[in-house]
Structures are given as C-alpha cells and as structure tokens.
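Engineer: Structure for the following, please:
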Amino acid sequence: MASRTSSLKFFSLLISSLAIVQMAIADPDILTDFIAPPNGTVDGNFFTFTGMRFHVSGDEPKNVTVLKVTMAEFPALNGQSVSYAVLEFPAGTTNPPHTHPRSAELLFLVGGTLEVGFVDSKNKLFIQTLQSGDMFVFPKGLVHFQYNADSQNVALAISAFGSASAGTVSLPSTLFATNIDDNVLALSFKTDVATIQKLKAGLAPKP
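Structural biologist: Sure thing, here's the model as predicted:
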C-alpha cells in the first residue's frame, strides 16, 4: 500500500512538473476574451492592423525585409498566442541563421523559390528547396535560415508563430555586434583576433 501511495505521489509530481514546464514555455493563458488597452476604446479598429498596406503597394527592396506583426506592433495580439511576419527576399539574398526562442515558425512561400534549413540539437542539418505554395516548419528555438538562390527573381513568404512575441536572435549580430571579447570569439571559432575584428567591422552599423 505504501508503495502504491509513493507511486501516486511520484506521478502527481511528474504531471505537475510537466504542467509547470508547459506554462513556462508558452504564452500565458488569459481569463478574458482579449486584453483591452488601459484607458482605451475597444472597437473594430483595435482588432485591425493596417501596417501591411504600404508593403503590398511598395517598391521591391534591395535587402531582405521582414515586416513583423507582433503584439508590439499590433496590441490586440496580446494574450492570443499568435503573430505574423511577411518576408521579402530580393534575388541572391539571405536571412542569416537565427532562432525564435518562444515559438516554432510555419513558413508559407507565396512566390519564387527558397532554400531553407535548420540544425537540430544533435547538429543534424535539415534542408529543403521550396517552391511557390510549399510550407516548411522550423521547430521552436532551433537555428534556421532562408536563402533565395535565384539570381533573377524575388521570393515572398509569410510566417506564422505560436506566440504573440516569438523573439528573434540573429547569430551574426549576437556574436559579433554585442562587444563579446575578441579573444573569447577567436578561441571559440579557432581563428585569430584579426579575423574576428574583420567580422565585427562588417557587421558594425553604417554611419
């Protein structure tokens, strides 16, 4: 009987721990239909985002552009565990390796072709060439990238996230534009300080 009681306590603790972990890795549930702005008026305008209009009719960019729609840009998303991004890739451009610490990414390729990939926790690389109409999922928190290898045509993609604020950690910027000591980086990448300084210079903000 004591053994059975101990087993029940163990499984209860296990279930509780899993519940806590689940709560910790996802947007918190809300107890209302939506989160209204303090001292603000809630009508149809609150639930409408118009920031994409200029993008639809705008000129083709020269560099990769990512138009994010998170709760920072669209407060109505707060508590809804969803956000969006529109990505435009001019010919021969790439979205450098990066992660989203709080969500997986589901990418839908609207037009063009796109080379995509991610690396799992065992350092295995998964790659794919997407055609218009294809979808690809980047698992939560894993390093991934997108590359338009077409030298002539633009690629356009839409990404959905399971968080109102998925976050983005760009590896090049995080490593070489945050004042990490040159010696630490040189030892980590098995190179010399001069090479690290060249990488940092290339990523420094242009005056």
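Engineer: Which residue ranges of the chain form helices?
Structural biologist: Applying DSSP state H to the chain gives helices spanning 2-24, 53-57, 171-176, 182-188, 193-203.
Engineer: Comparing these by mean pLDDT, which bottoms out?
Structural biologist: Lowest mean pLDDT of those: helix 2-24, a mean of 46.
Engineer: What residues sit buried inside stretch 186-199?
Structural biologist: Buried residues in stretch 186-199, counted by 16 or more other C-beta atoms under 10 Å: 186, 196, 199. Heads up, the C-betas are built off the backbone N, CA and C, glycines and all.
Engineer: For the spatially most central residue of the chain, report the pLDDT, please.
Structural biologist: Centroid check for the chain by C-alpha atoms, centre = their mean gives residue 100 as the closest residue, at 3.5 Å. On the pLDDT scale, residue 100 is placed at 97.
Engineer: list the contacts for residue 51?
Structural biologist: Residue 51 makes contact with 67, 69, 73, 74, according to C-beta atoms under 8 Å, 6 or more residues apart in numbering.
Engineer: out of the residues you listed, which are buried?
Structural biologist: The neighbour count (16+ other C-beta under 10 Å) marks 67, 69, 74 as buried among those.
Engineer: Is the closest residue to the first one other than its chain neighbours bridged to anything, and to what?
Structural biologist: Right, residue 67. Excluding the flanking residues, the one nearest residue 67 by C-beta to C-beta, 6 or more residues apart in numbering is residue 86, at 4.5 Å. Taking DSSP bridges as the rule, residue 86 bridges to residue 67, residue 158.
Engineer: So which residues of this protein form strands?
Structural biologist: Assigned by DSSP state E, the chain shows strands spanning 65-69, 83-89, 94-99, 105-111, 114-119, 125-130, 135-138, 143-147, 155-161, 169-170.
Engineer: Can you list the strands that the shortest one pairs with?
Structural biologist: Just to be clear, that refers to strand 169-170. Strand 169-170 has the following sheet partners, assigned by DSSP bridges: strand 94-99 (antiparallel).
Engineer: The strand it pairs with vs strand 105-111, what angle?
Structural biologist: If you take axes from the mean of the first three to the mean of the last three C-alpha atoms, to 10 degrees, strand 94-99 sits at 170 degrees to strand 105-111.
Engineer: Not counting sequence-adjacent ones, nearest residue to residue 165?
Structural biologist: The shortest distance from residue 165 to any non-neighbouring residue, by C-beta to C-beta, 6+ apart, is to residue 70 (5.2 Å).
Engineer: What about the one you found, how many residues nearby?
Structural biologist: Neighbour count of residue 70, defined by other C-beta atoms under 10 Å: 20.
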